[in-house]
Structures are given as structure tokens and as C-alpha cells.
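Give me a model of this one.
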Amino acid sequence: MEKKIILLTLAHFRALPEFGGQLEAAAGDWEVLVTKDPAEIEKYLDRIEIGMGDIPAELIPRMPNFKWWQLWSAGADVLQKLPVLKTLPFQLTVAKGAHGQQISEHLFAMLLGWNHRLNEAYAAQRQRKWLFIKEDKIEVLAGKTMLIVGYGTIGGNIARLALSFGMKVIGLRRDTSRGGDAGVLLAPAEKLRDYLPQADYVVNILPITPDTRHYIGAGEFSLMKNSALYINVGRGATTCEADLVDALREKRIGGALLDVTETEPLPADSPLWDLENVILTGHYAGSRPGYTGLVMAIALDNLGRYKRGEPLKNLVDKQKGY
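Modelled structure (predicted):
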């Protein structure tokens with residue numbers, strides 16, 4: 001009898017042979033197939049039981065014995081791109097826990113750079129100009145209020161850094177029964193509009209689901225301080241980008257720090273490119289050295305659980321999308 005297969009597909013820079021070897025060592029009764037070629041994968045559709053990484057989602061409905069997919073990302077965006085996956089009986093897990101450190105550091109790199117006008121200093125440096133920024137143009141973090149929308153594991157990392165700077169932190173999430181981190185005011189997600197007027201920095205880390213698409217729009221921007229910064233390191237489609245552009249153009253908010261946009265890559269004709277009160281990065285806040293190794297450790301831990309019949313970590317509710 002032919003062995004069931006674990007399919008490992010790691011796109012781009014992630015396709016490192018050593019990780020296939022690690023998986024083979026832990027596979028036990030499964031055969032390991034490491035490939036990025038959809039034509040090769042199609043030869044084994046009836047034998048694939050487990051998928052790891054960036055496997056072609058459109059092939060999953062044709063895999064009769066597929067039981068579990070370990071994503072290499074923190075979000076389960078694929079469920080919105082291919083809704084039929086919600087109806088299939090496989091388990092879906094994400095790489096929760098592999099992103100908090102680097103996303104937190106990236107966010108504060110943008111925020112500190114903004115507050116200390118580093119973009120202006122760098123531009124002046126390129127022109128060999130000595131730029132002195134007056135004290136009333138500089139901001140410090142101590143005493144400011146950060147509102148984190150979509151407070152979870154990554155939000156906890158961000159909150160701990162914010163607290164170390166002497167900031168007040170408010171975290172919003174749907175389920176507050178689990179409690180929060182020390183020093184963080186935890187509140188239910190439906191209180192968003194109550195807390196927006198208090199925030200100096202509004203941080204969006206929401207996953208993309210049918211409920212969160214355009215979750216932040218004109219109504220929310222109208223409640224923010226004129227000086228407030230909007231920061232999105234979650235998913236671009238959770239923001240109504242047209243409303244954000246309007247709020248920025250009309251200076252109804254102070255600015256935006258964006259690692260994600262509604263369409264990626266950001267189209268060349270997007271107004272966001274030219275707005276002076278915006279800092280853009282190309283959706284790399286989650287990148288770091290050794291990322292693939294971190295996620296492989298999560299995947300191997302879950303493989304051990306799967307083999308022992310134990311509950312998997314980072315399990316996604318496919319109907320909710322997170």
C-alpha cells in the first residue's frame with residue numbers, strides 16, 4: 001500500500017532543502033513531497049493527507065484524503081480568496097507566534113522615525129544639507145495613548161514595547177474572557193468608537209474576514225484626533241482606502257504608517273504614494289532572519305500532535321476566518 005503524503009511547498013526564499021530534511025526526519029509513516037510545481041502535485045492528489053506552506057489552494061478540493069494544512073502565515077487570508085475551503089473537512093492552522101517580535105519592531109521603527117522626522121533628515125542628508133528640527137516639531141511616546149484594534153499575540157508584543165516607552169495602551173478584541181496583559185486596558189471590539197477619540201496612535205492588526213473588510217472607514221476617521229496617526233500592520237482590506245486618502249488629504253488625521261494596502265503591490269496611480277503625511281513599507285513587517293525555521297518549529301510541533309491524536313495549536317475557525 002502506498003504511503004500517505006505530506007506536501008511541503010515553500011515559495012520564494014523559503015524553499016530551503018534543509019527544511020525538507022527536517023520534515024522527512026519527523027514524518028514517520030508519511031512520505032514527504034517537496035515541490036512548488038502544481039503539475040507534480042497533481043500526480044499525488046489522492047495520497048496527500050497533510051499540506052504545509054504555500055500549497056496551491058485550488059487543488060485542495062480535489063484531494064479526497066486531505067486532513068490538515070499548516071499555513072506559513074499568521075493570517076488565513078486564503079479562506080476569503082477561495083471560500084469553498086470553508087466547507088471542506090480539513091483542519092487549518094497558522095504560524096501564530098512567529099511574527100510578534102519583528103512586526104512590533106517594524107511598527108516602532110516607523111513610529112519613532114515619524115516622531116523624530118527621520119524621513120526629512122534623510123532627504124536633507126542626500127542633499128548635503130544640515131537640517132535642524134525645532135522642538136515643537138518633535139513628538140515623544142511617553143504619555144501618549146495607543147489603541148490596538150485586533151488585540152492578540154502580536155498586539156501583546158506591541159503593547160509591551162509601548163508600555164516600556166511610558167505609553168497608555170488600550171486593546172480591543174472580540175473575546176475579552178481570556179484576559180489581557182498587565183498594564184493594558186482590555187475592552188470589547190464593539191467599543192471601538194468609544195475609544196477612538198482618546199487615541200494618539202490607532203494600530204490596526206485585524207485579520208481579513210467578511211466582518212472586517214473596510215472595518216475602518218470614514219466614520220472611524222472622523223472620531224480620531226486631528227493629530228492622530230493611523231497605523232496598519234494587519235491586512236490592507238480592513239481599511240477603506242478611499243476614506244483613508246480623504247482623511248489624510250483633508251488633514252482630519254495627522255498621518256498614516258502603512259505596511260499593508262488594499263491592493264498589493266500598491267498601484268502606481270495610488271494617491272498614497274504622493275501624500276506627505278504617509279510612510280509606506282511593502283508588507284515586510286513580518287520578515288526576519290530565520291523566519292522559515294521559526295515556522296518549521298511550529299509545524300513540527302503540530303505534526304507531533306497530529307501523529308499522537310492531540311489538538312493542534314493555532315487552529316483556525318474556518319467559518320470565522322481566524
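
residue boundaries of the strands in the protein?
Counting by DSSP state E, the segments of the chain that form strands are 5-9, 31-34, 48-53, 68-70, 91-93, 145-149, 168-173, 184-188, 201-204, 229-232, 255-258, 278-280.

and the residue nearest to Lys81 when sequence neighbours are not counted, how many neighbours?
Taking C-beta to C-beta, 6 or more residues apart in numbering, and ignoring the residues beside it in sequence, Lys81 has Ala57 as its nearest neighbour in space, at 7.2 Å. All C-beta atoms are positioned from the backbone trio N, CA, C, and that covers glycine. Per other C-beta atoms under 10 Å, the neighbour tally for Ala57 reads 15.

Which neighbouring elements make contact with the lowest-mean-pLDDT helix or strand in the chain?
Every helix and strand in the chain was compared by mean pLDDT, DSSP states H and E; the lowest is helix 17-26, with a mean of 86. On a contact count with 3 or more C-beta pairs under 8 Å, 6 or more residues apart in numbering; DSSP states H and E, helix 17-26 meets strand 5-9, strand 31-34, helix 291-308.

Among those, show me which one is buried the most.
The highest mean neighbour count among the helices and strands packed on helix 17-26, using mean count of other C-beta atoms under 10 Å, belongs to strand 5-9: a mean of 25.

who does it touch, helix- and strand-wise?
When contacts are defined as 3+ C-beta pairs under 8 Å, 6+ apart, strand 5-9 sits against helix 17-26, strand 31-34, strand 48-53.

among those, which is nearest Pro64?
Smallest distance to Pro64 across the helices and strands packed on strand 5-9 (C-beta to C-beta): 9.3 Å, for strand 48-53.

hmm, who's touching that closest one?
With contact meaning C-beta atoms under 8 Å, 6 or more residues apart in numbering, strand 48-53 is reached by 4-11, 14, 23, 30, 33, 41, 60, 63, 65-72, 299, 303, 306.

Report pLDDT for the closest residue to Thr263 other than its chain neighbours.
Closest residue in space to Thr263, ignoring its immediate chain neighbours: Gly236 at 7.4 Å, by C-beta to C-beta, 6+ apart. For Gly236, the pLDDT comes out at 98.

Gly236 contacts Glu264, correct?
Yes. Assessed by C-beta atoms under 8 Å, Gly236 is found in contact with Glu264 at 6.5 Å.

For Arg178, the count of nearby residues, please.
Neighbour count for Arg178, taken as other C-beta under 10 Å: 8.

Pull the contacting residues for it.
By C-beta under 8 Å, 6+ apart, the contact list for Arg178 is empty.

Now with 10 Å, please.
Arg178 is in contact with Gly152, Leu186, counting by C-beta atoms under 10 Å, 6 or more residues apart in numbering.

for Thr263, same thing?
The contact partners of Thr263, taken as C-beta under 10 Å, 6+ apart, are Gly236, Ala237, Glu241, Ser270.

How much space separates Ile154 from Leu10?
Noted for Ile154: a distance of 22 Å to Leu10, by C-beta to C-beta, to the nearest Å.

who's more crowded, the two?
Between Ile154 and Leu10, Ile154 has the larger neighbour count (other C-beta under 10 Å), namely 26 against 21.

ok, how many other residues are close to the nearest residue to the more buried one once chain neighbours are set aside?
Among residues not flanking Ile154 along the chain, Gly100 sits closest, at 4.8 Å (C-beta to C-beta, 6+ apart). Applying other C-beta under 10 Å, we find 19 residues neighbouring Gly100.

same question, Lys81
10.

Not counting its neighbours along the chain, what's nearest Trp30?
For Trp30, ignoring the flanking residues on the chain, the nearest one in space by C-beta to C-beta, 6+ apart is Ile6 at 4.7 Å.

contacting residues for the closest residue to Glu264 other than its chain neighbours?
Nearest non-adjacent residue to Glu264, counting by C-beta to C-beta, 6+ apart: His283, 5.8 Å away. Contact analysis of His283 by C-beta under 10 Å, 6+ apart lists Val233, Arg235, Gly236, Leu258, Asp259, Val260, Thr261, Glu264, Pro265, Leu266.

Distance check, the most centrally placed residue in the chain against Asp200.
In the chain, the C-alpha nearest the mean C-alpha coordinate belongs to Gly234, at 4.2 Å (C-alpha atoms, centre = their mean). Counting by C-beta to C-beta, the gap from Gly234 to Asp200 is 19 Å.

What of Ala57?
For Ala57 relative to Asp200 (C-beta to C-beta), the value is 40 Å.

about what we covered before: ok, the residue nearest to Trp30 touching Ala25?
No. Taking contacts as C-beta atoms under 10 Å, Ile6 lies outside contact range of Ala25: 11.9 Å.
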